[in-house]
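*Asks:* Mind looking at a prediction? Sequence and model below.
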Amino acid sequence: MRTVTLANVGKRDADAAGAEGPVQFSVDRNSPVPLYFQLSQQLEAAIEDGRLAPGSLLGNEIELAGRLGLSRPTVRQAIQSLVDKGLLVRRRGIGTQVVHSQVKRPLELSSLYDDLEAAGQKPATRVLLNTTTAADAEVAAALGLAEGTEVALVERLRLTHGEPVAHLRNHLPVGLLKLETADLEETGLYRLMRAAGITLHSARQAVGARAASAEEAARLDEPEGAPLLTMERTTFDDTGRAVEFGSHVYRATRYAFEFQLLVRP
């Protein structure tokens, strides 16, 4: 087992200190786990727990390889695996830089705003639409209303650290609660619903994926055709009334759903 403290990893420049002080990495040559994977897992953990903050620079591959006693191809493979996950980016003239950790969202009845806050991501919201519209067949069926019934429509772009993470589109029954644009920009929709006395009880949800259209790519700062995660959710209150139908799109490079699977007895 070889442990190395890299005092210049986690810096915004080559000589600065890490967000939480020097970052330690260790590799075990006797382990059956490939060396590149050991390093990539430790780098990923340091990014996820904030020891390597967004904007931090890693030493160059030659320097890291020398300090860890690894070959340059091994270090390159470890770094590339995190570039592929969207956690690191190679910038010409700058080097390898930490971007933002991927938000891993458990499948439970929670809001994106709360999940981002819990992950230390400092969420921000840009309201694109706050209006009413006639419910189409899909929205009417989800909310248990007649087609053509007037419903509230809210479209928002959710951001973290100034970068878009998701495009959120929600339909709600008119009169359910007062939806002020300023409030929607300050906090999450579910918080506003709870503050209005609505008890969220359960939801029906479907998760999927698709390639980004030109419009979605421009909105989410992704290349056209990039993979996107999709989620549709109908939320019910404690009386069984449908109170919200959401249709959301997430950047797959910045967002993931986590499942816990149990063996049926």
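*Replies:* Structure's in. What do you need? Quick caveat, the model's predicted, so the values are computed rather than measured.
*Asks:* Report how many residues lie close to residue 217.
*Replies:* The criterion is other CB atoms under 10 Å. On that basis, residue 217 has 16 neighbouring residues. Every C-beta, even on glycine, is put in place using the N, C-alpha and C of the backbone.
*Asks:* mind listing what it touches?
*Replies:* With contact set as CB atoms under 8 Å, 6 or more residues apart in numbering, residue 217 has these partners: 223, 224, 225, 226.
*Asks:* confidence score at it?
*Replies:* The score at residue 217 is 94. That number is its pLDDT.
*Asks:* For the contacts of residue 217, give me TSV that also has distance to residue 51, secondary structure and neighbour count.
*Replies:* Shown next, in TSV, are the contacts of residue 217 (distance: CB to CB, whole Å; DSSP: H, G, I helix; E, B strand; the rest coil; neighbours: other CB atoms under 10 Å):
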residue	distance to residue 51	secondary structure	neighbour count
223	30	coil	8
224	35	coil	12
225	34	coil	11
226	29	coil	15
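*Asks:* could you point out where the stretch 101-250 of the chain is predicted with low confidence?
*Replies:* Per-residue confidence of the stretch 101-250 of the chain (counting by pLDDT under 70) places the weak regions at 101-121.
*Asks:* where along it do the strands fall?
*Replies:* With DSSP state E, counting those that start in this stretch, the ranges of strands along the stretch 101-250 of the chain come out as 103-106, 123-134, 150-160, 163-173, 200-211, 227-237, 242-251.
*Asks:* Parallel or antiparallel, which strands does the third one pair with?
*Replies:* On the basis of DSSP bridges, the sheet neighbours of strand 150-160 come out as strand 123-134 (antiparallel), strand 163-173 (antiparallel).
*Asks:* Now residue 37: which helix or strand?
*Replies:* Take DSSP states H and E as the rule and residue 37 turns out to sit in helix 35-48.
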